[in-house]
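[1] Sequence and predicted model, in that order:
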Amino acid sequence: MLDLHVHLLGHLDREANADNIRTFLEQARTSNLKQIGFADHDMYWEKLNLGLIREVAEEYPDLQVRVGLEVDYREGLEWPIKRLLDSFPFDYVIGSVHQLDGWFFDSPGEEEKHKCCDPDKYYRQYFDAVEKAASSGLFDIIGHFDLIKIFNMRPHTDVRTLAASALRAIKEQGLVVEINTNGRYKPVKEFYPELKLIEIMKEMGIPFTLGSDAHDSVAVGRDISEVCHMLKELNIDYVVGFKQRKPQKIAI
Ligand code: ZN
Ligand code: FE
Ligand code: FE
């Protein structure tokens with residue numbers, strides 16, 4: 001299987017050296033992955049060593065090692081993002097919304113702020129940003145589609161209604177949505193996106209990829225086989241990998 005959302009650096013918890021890359025790739029083998037993609041946060045751009053990942057990958061001919069990036073999407077910063085993406089031959093790029101008007105709403109400790117306001121307001125703001133990220137044409141994958149639920153604050157309005165325009169933009173742009181297993185380890189305790197969103201995406205013909213959002217090597221491939229089971233039960237028989245920004249169907 002595959003895992004395209006792996007943070008080699010974590011939050012600068014370690015360096016991008018060959019030994020650390022090997023530790024992640026060993027875990028990819030242990031987790032039975034065929035394809036692993038590193039997608040560190042764009043804010044650590046200067047600490048990345050993307051060429052070294054490709055070099056070390058040659059020691060692992062049984063693994064398809066991809067190099068991607070997780071970009072923190074902010075409206076108005078499309079041009080600097082584009083310049084960054086043009087400066088390396090990425091295999092794929094994940095567009096993620098982590099902030100609303102400069103508020104990093106998914107950071108630990110931000111829970112109280114989620115409670116003090118109408119959740120529908122935050123959900124609307126969030127999905128509006130996701131829609132803009134999808135329409136920007138910068139990305140291949142939309143990361144953790146319903147991250148705004150991280151502290152388990154649920155909207156009054158049906159989430160499918162709140163997400164409708166973002167979903168349309170994703171469909172129109174031909175983007176892929178990741179099933180991100182990391183939500184299970186956050187207060188919300190479920191994958192991103194939730195099941196009824198996965199179902200509506202399936203109906204719309206939006207394809208899926210898989211990501212653990214591992215910030216250390218032990219989490220590489222975590223719960224990925226469980227997601228494959230779940231997708232099969234929904235009659236989804238493939239997920240999408242990437243090479244040189246071209247999607248490749250992979251049978252589950
Ligand atoms: Zn992170
Ligand atoms: Fe993220
Ligand atoms: Fe991430």
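    Cool, the structure landed. Ligands and ions are numbered 1, 2, ... in the order given.

[2] Mind giving me the packing neighbours of the lowest-mean-pLDDT helix or strand in the chain?
    Across the helices and strands of the chain, the lowest-confidence element by mean pLDDT, DSSP states H and E is helix 111-115, at a mean of 93. Of the remaining helices and strands, none touches helix 111-115 by 3 or more CB pairs under 8 Å, 6 or more residues apart in numbering; DSSP states H and E. Yep, even glycine has a C-beta here, placed from its N, CA and C like the rest.

[3] What residues sit buried inside that helix?
    His114 (16 or more other CB atoms under 10 Å).

[4] what element comes up after it heading to the C-terminus?
    helix 119-135 (DSSP states H and E).

[5] Next, the distance between the ends of stretch 138-155.
    This stretch, stretch 138-155, spans 29 Å end to end (CA to CA, to the nearest Å).

[6] So what touches the least confident helix or strand of the chain?
    With CB atoms under 8 Å, 6 or more residues apart in numbering as the test, helix 111-115 has contacts from Trp103, Phe105, Tyr122, Phe151, Met153, Pro187.

[7] nearest to Ser31, of these?
    For the contacts of helix 111-115, the minimum distance to Ser31 (CB to CB) is 25.1 Å, reached by Pro187.

[8] And for the closest one, the neighbour number?
    Other residues lying near Pro187 total 13 when counted by other CB atoms under 10 Å.

[9] can you pull the pLDDT of it?
    For Pro187, the pLDDT comes out at 97.

[10] Which stretches in the stretch 1-150 of the chain count as strands?
    For the stretch 1-150 of the chain, the strands defined by DSSP state E, counting those that start in this stretch cover 2-6, 35-41, 64-72, 92-96, 99-100, 103-104, 141-142.

[11] re earlier: how about the least confident helix or strand of the chain as PDB, C-alpha atoms only?
    The C-alpha trace of helix 111-115 is given here as PDB (Å, rounded to 0.1, in the frame of the first residue of the first chain):
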ATOM      1  CA  GLU A 111      -9.200  24.100  22.000                       C
ATOM      2  CA  GLU A 112     -10.700  26.900  24.100                       C
ATOM      3  CA  LYS A 113     -10.900  29.200  21.200                       C
ATOM      4  CA  HIS A 114     -12.900  26.600  19.300                       C
ATOM      5  CA  LYS A 115     -15.400  26.500  22.100                       C
END
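
[12] so how far is that helix from its chain's centroid?
    23 Å (CA atoms, centre = their mean, to the nearest Å).

[13] which residues in the stretch 101-250 of the chain form helices?
    All helices of the stretch 101-250 of the chain, identified by DSSP state H, counting those that start in this stretch, fall at 111-115, 119-135, 159-162, 164-173, 195-204, 224-233.
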